[in-house]
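J.: 3D model of this:
(one chain, ligands or ions: 1)
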Amino acid sequence: MSSLGKKYIMAVTGLLLVGFVIGHMLGNLQMFLHPDWINEYAYKLKTLPYGLLWIVRIVLLTAVGAHIVTAVLLVLENRRARPAGYVAQGTLQASFASRTMKYSGAILLVFIIFHILHFTVQSIHPEFKHLETELAGVGTMHQVYDKLAAFGNTEVHDVYSMVVHGFSLQYWYVAVFYVFAMGLLCLHLMHGVSSMFQSVGVRNAVWRKRLDRIALVIALALFIGFSSIPVASLTGLLDPITPLTAAH
Ligand code: HEM
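T.: Residues are numbered from 1 along each chain as shown. Sure thing, here's the model as predicted:
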């Protein structure tokens with residue numbers, strides 16, 4: 001495949017992944033409303049019809065896989081194309097973010113694997129599986145509460161408390177790792193989002209500055225939005241509603 005074809009794959013898979021992270025951050029920000037919001041939201045996602053959850057998971061996994069394989073191929077291609085001793089010149093004008101794409105990307109992959117084991121599989125803290133709470137009926141998607149109440153049991157997985165416990169003082173280093181990873185995500189997207197436009201030919205001289213600024217705003221908004229959750233949990237701004245010890 002041509003180098004341009006590879007750049008298109010990077011742009012299309014990158015766009016899909018940026019779309020996911022923006023949606024995921026907005027979903028997560030419900031943590032700052034009543035716990036019902038995120039708990040009902042998580043319940044809704046997990047009970048989506050027609051195996052939709054798995055379809056989305058497979059699409060995301062394929063996008064991540066294609067993004068990584070294509071990135072590795074591009075790095076190898078660039079290395080082959082560049083004569084030895086030419087390295088310093090090639091990197092002179094490149095920004096810090098663009099020069100560090102492979103490192104920020106690799107660490108983000110480690111973060112994603114840890115993150116899935118942390119909150120989705122819950123194998124790092126198996127006790128998270130037992131966090132259950134009664135919905136109070138004040139959430140966003142009242143259908144969930146109404147549907148469960150009709151069966152006389154409004155208990156759901158307490159995703160809200162799971163996240164707060166995950167970033168408690170006891171696990172301060174996990175919160176620090178998350179904020180660090182969000183910083184790398186920000187760095188990765190600062191370059192990634194603007195070069196996404198370049199790959200599809202939108203980035204001319206006039207738009208160059210504007211797109212770089214748009215990329216910076218998106219990256220910073222994601223950094224602040226995501227990081228606010230570990231920070232608020234660690235500092236006690238967010239309080240768990242179900243104690244961890246009671247879960248055993
Ligand atoms: C502070 C930041 C974040 C928090 C608090 C957070 C929270 C969560 C929670 C609670 C879940 C599990 C939901 C459930 O099973 O009920 C989850 C799943 C997930 N998160 Fe995050 N997340 C954060 C950042 C990120 C970032 C930056 C990415 C991607 C780069 C990401 C990717 C994912 C993925 C792929 C899943 C699995 C979805 C699934 O298939 O079930 N998360 N996150």
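J.: ok, the most centrally placed residue in the chain to Val193 distance?
T.: For the chain, Val21 is the residue whose C-alpha lies nearest the centre (C-alpha atoms, centre = their mean; 4.5 Å). Counting by C-beta to C-beta, to the nearest Å, the separation of Val21 from Val193 is 11 Å. Bear in mind the C-beta positions are built from the backbone N, C-alpha and C, glycine included.
J.: rewinding a little: which pLDDT value belongs to the residue nearest to the centre of the chain?
T.: As predicted, Val21 sits at a pLDDT of 98.
J.: cool, and Val202?
T.: We have a pLDDT of 69 for Val202.
J.: Compute the number of surrounding residues for Lys6.
T.: 17 (other C-beta atoms under 10 Å).
J.: ok, so what distance separates it from Ile224?
T.: Computed as C-beta to C-beta, the Lys6 to Ile224 distance reads 32 Å.
J.: Quick check: next helix or strand after the lowest-mean-pLDDT helix or strand in the chain?
T.: Here the helix or strand of the chain ranked lowest by mean pLDDT, DSSP states H and E is helix 87-91, holding a mean of 50. Using DSSP states H and E, the helix or strand that follows helix 87-91 towards the C-terminus is helix 96-99.
J.: Report all helices and strands that the one helix or strand Val144 maps to contacts.
T.: Element membership of Val144, judged by DSSP H and E, is helix 142-150. For helix 142-150, the elements it packs on are helix 35-46, strand 155-157, judged by 3 or more C-beta pairs under 8 Å, 6 or more residues apart in numbering; DSSP states H and E.
J.: give me that answer again for 6 Å
T.: For helix 142-150, the packing partners by 3 or more C-beta pairs under 6 Å, 6 or more residues apart in numbering; DSSP states H and E come out as helix 35-46.
J.: So which bits of the host helix or strand of Cys186 are buried?
T.: Per DSSP H and E: Cys186 is located in helix 172-199. The neighbour-count check on helix 172-199 (16 or more other C-beta atoms under 10 Å) flags 174-175, 177-179, 181-182, 184-197, 199 as buried.
J.: how far away is His125 from Met182?
T.: Counting by C-beta to C-beta - His125 and Met182 are separated by 20 Å.
J.: what does Asn78 give?
T.: From Asn78 to Met182 the distance is 28 Å (C-beta to C-beta).
J.: where does the protein have low pLDDT?
T.: Applying pLDDT under 70 to the chain flags the ranges 83-93, 139-141, 202-203, 246-248.
J.: So which bits of it are right by the ligand?
T.: 21, 24, 28, 42, 57, 112, 115-116, 119-120, 159, 163, 178, 185, 226, 229-230 (C-beta under 6 Å from any ligand atom).
J.: how about the residue nearest to Ser168 when sequence neighbours are not counted, secondary structure?
T.: Leaving aside its chain neighbours, Ser168 sits nearest to Ser233 (6.7 Å; criterion: C-beta to C-beta, 6 or more residues apart in numbering). Under the three-state scheme (DSSP: H, G, I helix; E, B strand; the rest coil), Ser233 adopts helix.
J.: Cross-check the contact I'm expecting between Ser233 and Phe167.
T.: Yes - applying C-beta atoms under 6 Å, one finds Ser233 in contact with Phe167, separated by 3.6 Å.
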